[in-house]
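Novice: after the sequence you'll find the predicted model.
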Amino acid sequence: MNIQKIRKDGNSLVVTIPREAARLVGLEQGTPVHVYANEATGELHIQAFVPRGRPDFVALGRQVIEENGPLLDRLARDDDGVESEKSEPPGLRSNVER
């Protein structure tokens, strides 16, 4: 059993994962992880994040976000959460009755 000391880094607490323990569970620098606490047992769990879904679909989503990042950021910033009553652009017809 390794005893590790918790230290502070900015506003976060940090614990060092021993290299051998990380190797045994497939963690390396940059690996996304889930961190969750079990209040009942006082245990802290760290688990490698495995994306759900088809890898090709996840990769396509990441590509779309990367290629359209500024546009997506602008849309998110300008979205007021209210659907617009604006008319559709010329040449487009909606199949949904209003």
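Specialist: Ah, there it is.
Novice: going forward, measure contacts and count neighbours with C-alpha atoms only.
Specialist: OK.
Novice: quick one: the helices in the protein?
Specialist: Per DSSP state H, the chain carries helices over the ranges 19-24, 55-67, 69-78.
Novice: CSV please, covering the ones you listed and showing mean pLDDT.
Specialist: Output for the helices of the chain, formatted as CSV (pLDDT from 0 to 100):
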stretch, mean pLDDT
helix 19-24, 92
helix 55-67, 87
helix 69-78, 87
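Novice: turn those helices into a markdown table, columns for mean neighbour count and distance to K5.
Specialist: Putting the helices of the chain into a markdown table (neighbours: other Cα atoms under 10 Å; distance: least, Cα to Cα, whole Å) gives the following:
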| stretch | mean neighbour count | distance to K5 |
| --- | --- | --- |
| helix 19-24 | 10 | 15 |
| helix 55-67 | 12 | 36 |
| helix 69-78 | 11 | 39 |
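Novice: would TSV of the ones you listed with distance to A40 be doable?
Specialist: Listed next are the helices of the chain as TSV, based on distance: least, Cα to Cα, whole Å:
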stretch	distance to A40
helix 19-24	25
helix 55-67	35
helix 69-78	38
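Novice: do you know which of the ones you listed lies nearest K8?
Specialist: With Cα to Cα as the criterion, K8 lies closest to helix 19-24 of the helices of the chain, at 20.1 Å.
Novice: wait, which of the helices of the chain is closest to T41?
Specialist: Per Cα to Cα, nearest to T41 of the helices of the chain: helix 19-24, 21.6 Å.
Novice: contacts for that closest one?
Specialist: E28 (Cα atoms under 8 Å, 6 or more residues apart in numbering).
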